[in-house]
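Peer 1: Prediction below, plus the sequence it came from.
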Amino acid sequence: MLTITSVSEIINTIIPHFDKYPLLSKTKEELELFKLAALIMHNKRHLTLEGFQDILSIKAAMNKGLTGLLAEDFPNTIPIIVGNIFSNKREEESTVNSLDPNWIAGFTEGKGFFKIDMPEHTGGLPVKLNFELFIPEKDKNLLPLIMKFFCCGTYKIDEKGSSHKIFTVTNFEDISKIVTTFLKYPLQGMKRLDLYLFIKVIELIKKMGDKITIEELEKTLGRKLTSKSDLDLTTFIPINKYSNADTQKALIIKDNLGKSGVYCWVHNQSGTRYVGSSVNLGKRFSDYYNLNHLMKNNMPIYKALLKYGHFNFSLEILEYCHIDSVIDREQYFIDLLKPRYNVLKIAGSPLGYKHTPVALEKLKLLGIGRKLSEEAKAKLRAANIGRSVSKEIRLKISETKLKANFKHSKEAKLRIGESSLARNGWVTYVINVKTGKTESYLSRHKAAIALNISPLTLKRYIDSQKLYKDTYRITTGP
């Protein structure tokens, strides 16, 4: 990732470049805000209280706005009004009726995908080619211009339930048009490697037609293909690759200690992947070599490492990045690589994970006839502090106790009092230190369920104030 922090270089090189070659997407608005901030710093106004507040107002209007400590320390910051700044710019933008081929090439580098899929059928070609361009909702005005430029293709709505659009070309003849465009106006980044393999498969299809075999495809692509492989073509080259995660264990931990970034486990035979991230990769990787850690978790990647052994896996460092951006970058690579070992497709959070009906039934069967120890009962009581019960259930409990002439012991009355206190103001907070997002729960029990951990484990993290999974700080308070 290229990073430029020098104000003089930004003023004298970066901004003039984009003035000469304007952006067309909504990123253009952020660039204009960025210019304002750069000029304030260039003129040394950021050293004054007024100038610093102006920069805060600009940042508050950009992308995610103020987050983390900035949001806490400057809660009254008012975002700069974007509309007044860009009224003329938007008028100029609305007059654009065609796209520059070099702009298309650049946009494809960032938002394009060359895909080779293996449809499950018995006849015809065993391979299907797709070209896709991801178009965020904020840039939807670009869709008709892109379709006009290529004179082919259609679009679909992003499967994740958002309103983002995906420009798609699947017709073989139209795919050839796409390739011709990028041969005339070459891609300049890593996507050119995708295009290179894409062209090789096209040539193979033209040569062999429906007689093409999986073996020929494997030879052409240089990888093993199965019906369970991750077949979206992405020849992204990782920063570092450890081909044998078993023999290179010490090097893996040493190289990455104290570094934040995104990594990928790859099963060498099937190509199945798992994408993850950490603010301390070395520490995170040491967990993968801890047998107790692997056995007490139910994640598919842990099960796979136990089943096949580390020697059957490669470990790739996809990208080193700043702590604040690890979740965003992890999400990018999850979307890009579509790793099968990732059960949750949203990066950075186990919140919202739900057991399958089959798993729930198994859990119920395990509980039948089980007798709890005093220690287990104590844990359950702690977990139920602050738990909310509906009026209907309370009524049923009351009726049952009346029939049995039930009376609370002194200890039970004390616990009920403690629970009442919890219900009247004490909340459990789960803070994602990477994103600054905070989730609140009316009880520890609910927080434990959301994090998919036991109440006892939750209590340990509250007491120790250690980060759960290097990401979540758990606290309680009013």
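Peer 2: Done, it's in. Residues are numbered from 1 along each chain as shown.

Peer 1: Tell me where the stretch 1-150 of the chain has helices.
Peer 2: Using DSSP state H, counting those that start in this stretch, the helices assigned to the stretch 1-150 of the chain run over residues 7-9, 15-20, 27-42, 49-60, 68-73, 82-94, 101-111, 143-150.

Peer 1: Tabulate the ones you listed (JSON lines), appending distance to D158 and mean pLDDT.
Peer 2: (Each C-beta comes from the backbone N, C-alpha and C, glycine too.) Formatted as JSON lines, the entries for the helices of the stretch 1-150 of the chain read as follows, by distance: least, C-beta to C-beta, whole Å; pLDDT from 0 to 100:
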{"stretch": "helix 7-9", "distance to D158": "36", "mean pLDDT": "89"}
{"stretch": "helix 15-20", "distance to D158": "28", "mean pLDDT": "87"}
{"stretch": "helix 27-42", "distance to D158": "19", "mean pLDDT": "87"}
{"stretch": "helix 49-60", "distance to D158": "28", "mean pLDDT": "88"}
{"stretch": "helix 68-73", "distance to D158": "28", "mean pLDDT": "80"}
{"stretch": "helix 82-94", "distance to D158": "24", "mean pLDDT": "53"}
{"stretch": "helix 101-111", "distance to D158": "12", "mean pLDDT": "88"}
{"stretch": "helix 143-150", "distance to D158": "13", "mean pLDDT": "90"}
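
Peer 1: Let me know which of those helices is the nearest to S464.
Peer 2: Between S464 and these, the shortest separation by C-beta to C-beta is 22.4 Å, and it involves helix 68-73.

Peer 1: now the closest one: how far from the chain's centre is it?
Peer 2: Its chain's average C-alpha position is 23 Å from that of helix 68-73, according to C-alpha atoms, centre = their mean, to the nearest Å.

Peer 1: for that helix, packing partners?
Peer 2: Of the remaining helices and strands, none touches helix 68-73 by 3 or more C-beta pairs under 8 Å, 6 or more residues apart in numbering; DSSP states H and E.

Peer 1: Make 237 the starting number, not 1.
Peer 2: Okay, residue one is now 237; in that scheme the one you just asked about reads as helix 304-309.

Peer 1: Can you give me the neighbour number for L554?
Peer 2: Here the count is done by other C-beta atoms under 10 Å, and L554 has 24 residues near it.

Peer 1: before we move on, the earlier item: can you check which of the helices of the stretch 237-386 of the chain gets nearest to S550?
Peer 2: Shortest separation from S550 across the helices of the stretch 237-386 of the chain is recorded for helix 337-347, at 25.9 Å, computed as C-beta to C-beta.

Peer 1: how about that closest one: buried residues?
Peer 2: Buried residues in helix 337-347, counted by 16 or more other C-beta atoms under 10 Å: W339, I340, A341, G342, F343, T344, K347.

Peer 1: Show the contacting residues for the last one.
Peer 2: Taking C-beta atoms under 8 Å, 6 or more residues apart in numbering as the contact definition, K347 lies against L369, F370, I371.

Peer 1: Okay, the spatially most central residue of the chain and L335: tell me how far apart.
Peer 2: The structure's the chain has its C-alpha centroid closest to Q567; by C-alpha atoms, centre = their mean the separation is 2.2 Å. Q567 sits at a distance of 27 Å from L335 (criterion: C-beta to C-beta, to the nearest Å).

Peer 1: Does I667 lie in a helix or a strand, and which?
Peer 2: Per DSSP states H and E, I667 falls inside strand 663-668.

Peer 1: what lines up beside the next helix or strand along the chain from that strand in the sheet?
Peer 2: Beyond strand 663-668 on the C-terminal side, the first helix or strand identified by DSSP H and E is strand 674-677. Strands that pair with strand 674-677, judged by DSSP bridges, come out as strand 663-668 (antiparallel).

Peer 1: pLDDT averaged over the strand it pairs with - what is it?
Peer 2: Per-residue pLDDT values across strand 663-668 average out to 87.

Peer 1: Not counting its own residues, what contacts that strand?
Peer 2: Residues outside strand 663-668 that contact it (C-beta under 8 Å, 6+ apart) are 563, 584-585, 587, 622, 673-680, 682-683, 686-687, 694, 698, 707-714.

Peer 1: Only the buried residues of it, if you could.
Peer 2: So, applying 16+ other C-beta under 10 Å, buried residues of strand 663-668: V663, T664, Y665, V666, I667, N668.

Peer 1: Between those, which sits nearest N504?
Peer 2: The nearest member of the buried residues of strand 663-668 to N504, counting by C-beta to C-beta, is N668 at 32.9 Å.

Peer 1: And the closest one, how close does it get to N578?
Peer 2: Shown here: N668 relative to N578, a distance of 18 Å by C-beta to C-beta.

Peer 1: Check F310 too.
Peer 2: 36 Å.

Peer 1: out of the two, which sits in the busier spot?
Peer 2: For F310 versus N578, the count of surrounding residues by other C-beta under 10 Å is larger for N578: 20 against 15.

Peer 1: mind checking the backbone torsions on that one?
Peer 2: Dihedral angles of N578 (phi, psi; degrees, to the nearest 10) stand at phi -80, psi 110.

Peer 1: Touching, Q567 and I582? I think so.
Peer 2: Yes. The pair Q567 / I582 is scored as a contact, 7.2 Å apart, by C-beta atoms under 8 Å.

Peer 1: Now do the strand or helix carrying A686, average pLDDT.
Peer 2: Secondary structure assignment for A686, by DSSP H and E: helix 680-687. Confidence over helix 680-687, taken as the mean pLDDT, stands at 84.

Peer 1: can you state the direction angle for that helix and strand 663-668?
Peer 2: Between helix 680-687 and strand 663-668, the angle formed by their directions is 20 degrees, by axes from the mean of the first three to the mean of the last three C-alpha atoms, to 10 degrees.

Peer 1: Buried residues, the following helix or strand past helix 680-687. List them.
Peer 2: Next helix or strand after helix 680-687 toward the C-terminus (DSSP H and E): helix 691-700. Neighbour-count burial for helix 691-700, counted by 16+ other C-beta under 10 Å, picks out P691, L694, K695, Y697, I698.

Peer 1: Give me the residues contacting helix 691-700.
Peer 2: For helix 691-700, with C-beta under 8 Å, 6+ apart as the criterion, the contacting residues are 615-616, 618-619, 664, 680-681, 683-684, 687, 703-704, 708, 710-712.

Peer 1: Can you show me the helices along the stretch 487-636 of the chain?
Peer 2: Using DSSP H, counting those that start in this stretch, the helices of the stretch 487-636 of the chain run over residues 517-524, 527-531, 536-544, 562-573, 593-603, 610-620, 627-639.
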